[in-house]
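In: The sequence isn't on hand, but the structure is:
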């Protein structure tokens, strides 16, 4: 008993890295941070260096995105869409769309819209194997891809819905400028009004005979 007690005492006095085998953290290794392996002591990590490596890796991901979400390759299309249409400025620390006073269901609608997880043809038909050019809007006869840009800027079916928000669309406004408008509550209401109109237009009127 005494020998076992002394053994446990020695184990408690050992550095944590020696007890656990001191395996280098996978995250820091993946970032390219040189983590020395030493069973006798824990490695001291520089938080600033780790964060710089993480930021550089994150930016590299965005830099590989295509210029236009409609014409870019399928691989990375969702990231490209968010970067070119919905990304927030670096100066914004907290996403204002998470704090909208619209009720949870409506907030989730806006968030899904911005993340490319809506029920629009460009998203819903992607999982069905439909070619991107064939995912046209079902609410108008323009023959244009039914994506987020079309619903908010082009669709004839949502023209009346976005009329009260005409001040959000000055001449030359881009999708990115629209989504970055400081009045996020009004932007969200405009998006929801367009989505509601699309839902009404595509909803079946009644049971088929």
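Out: Nice, I can see it. Just so it is clear, the model here is predicted, and its values are computed rather than measured.
In: ok, which stretches of this structure are helices?
Out: Assigned by DSSP state H, the helices in the chain fall at 2-13, 16-19, 26-30, 47-63, 77-81, 104-115, 121-124, 148-149, 159-162, 175-179, 184-202.
In: Out of these, which gets the lowest mean score?
Out: With a mean of 39, helix 16-19 has the lowest mean pLDDT of these.
In: Contact partners for residue 120?
Out: 146, 147, 148, 151, 198 (CB atoms under 8 Å, 6 or more residues apart in numbering). (Glycine included, C-beta is placed from N, CA and C.)
In: quick one: contacts of stretch 84-96?
Out: 62, 65, 67-69, 114-115, 148-149, 175-176, 179-180, 184.
In: Let me know the closest of the contacts of residue 120 to residue 103.
Out: Residue 103 lies nearest to residue 198 out of these, by CB to CB, at 19.5 Å.
In: Drop anything exposed from the contacts of stretch 84-96.
Out: 65, 69, 114, 148, 149, 175, 179, 180, 184 (16 or more other CB atoms under 10 Å).
In: follow-up on the earlier one: check the contacts of stretch 84-96 against residue 99 and report the nearest one.
Out: Nearest to residue 99 among the contacts of stretch 84-96 is residue 184, at 8.4 Å by CB to CB.
In: how close does the residue nearest to the closest one when sequence neighbours are not counted sit to residue 141?
Out: In space, and not counting its chain neighbours, residue 184 is closest to residue 96: 4.4 Å by CB to CB, 6 or more residues apart in numbering. Going from residue 96 to residue 141 by CB to CB, to the nearest Å gives 36 Å.
In: So for those two, which sits in the more crowded spot?
Out: Ranked by neighbour count (other CB atoms under 10 Å), residue 96 and residue 141 place residue 96 first, with 14 against 9.
In: Read off the pLDDT value for the more buried one.
Out: 91.
In: go on, residue 127?
Out: If you check residue 127, the pLDDT there is 79.
In: mind checking how far it is from residue 135?
Out: 11 Å.
In: for residue 156, same thing?
Out: Distance from residue 156 to residue 135, by CB to CB: 18 Å.
In: same question, residue 165
Out: 25 Å.
In: List just the nearest of the contacts of residue 120 to residue 106.
Out: For those, with residue 106 as the reference and CB to CB as the criterion, the closest is residue 198, at 15.1 Å.
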